[in-house]
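> Build me a structure from this.
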Amino acid sequence: KFGDTPPAADALWSSPVTNLDADDFNDEDDLEGEDGIIIGNFVIGDLEIAASYGVVDTNNTDESDINDGSDDDFVGLQFAVNYTFGTVDVAFAYQEAVDGLESDIEDIDIADTPEIIALGASTNFAGIEVGVAYALATNDDDDVDEELQSFGVQGSYTFGDIPARAFYVYH
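Numbering: from 1, shown residues only. Predicted coordinates for the structure are as follows:
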């Protein structure tokens, strides 16, 4: 696909734990200065893989401050994988850092979009859905090295028609 479409990690990553801060992947709105997103998606059985880039027309530097303006360019690689084996769902997502594309993660204003790696798994034990997730966002801007890690566990159970969920996230 190409156009106004979600990039790979934004489309496939769904954390099995609520409120992780470090898994704030770029979406199509964050990549608004680009001409579009190019994404490839592959599905076979219980395996789904996607990879994407933002496409930037940098010949007109007034429209983009993401790179040097010399050529058209691909920026913001995202890669994501979802796989189910047996009763366990596993997810992985990656986002390349992008210079010149601002980001907000938690209460930190970052001059550039960070590199993000996220892993998660969930399963069901006797009606209790259990999930664990880890995400790492790193930004090695010119003068500042910032890192945000999030780790969480979550359990949920439905009592009749009433769902209940408990989770703990360390940021």
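
> now the residue nearest to the spatial centre of the chain, nearest residue through space, not along the chain?
Using CA atoms, centre = their mean, the residue of the chain that lies closest to the mean C-alpha position is Phe25, 3.3 Å off. Leaving aside its sequence neighbours, Phe25 sits nearest to Ala9 (CB to CB, 6 or more residues apart in numbering; 4.2 Å). For the C-beta atoms, the positions are set from N, CA and C on the backbone; glycine is no exception.

> got the CA coordinates for the helix or strand where Thr138 lies in CSV?
Counting by DSSP states H and E, the element that carries Thr138 is strand 128-140. Taking Å, rounded to 0.1, in the frame of the first residue of the first chain, the C-alpha atoms of strand 128-140 are listed here in CSV:
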residue,chain,number,x,y,z
ILE,A,128,-7.7,-15.3,32.8
GLU,A,129,-5.9,-13.4,30.1
VAL,A,130,-2.3,-12.7,31.1
GLY,A,131,0.0,-10.4,29.3
VAL,A,132,3.6,-9.1,29.6
ALA,A,133,5.3,-6.3,27.6
TYR,A,134,8.6,-4.4,27.4
ALA,A,135,9.4,-1.3,25.4
LEU,A,136,12.6,0.7,25.0
ALA,A,137,12.7,4.2,23.5
THR,A,138,16.1,5.7,22.9
ASN,A,139,17.1,9.1,21.5
ASP,A,140,20.7,10.1,21.1
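
> ok, and what's touching the helix or strand that it is followed by?
For strand 128-140, the succeeding helix or strand toward the C-terminus, using DSSP H and E, is strand 145-159. With CB atoms under 8 Å, 6 or more residues apart in numbering as the test, strand 145-159 has contacts from 15-23, 105-106, 108, 110, 114, 127-140, 163-171.
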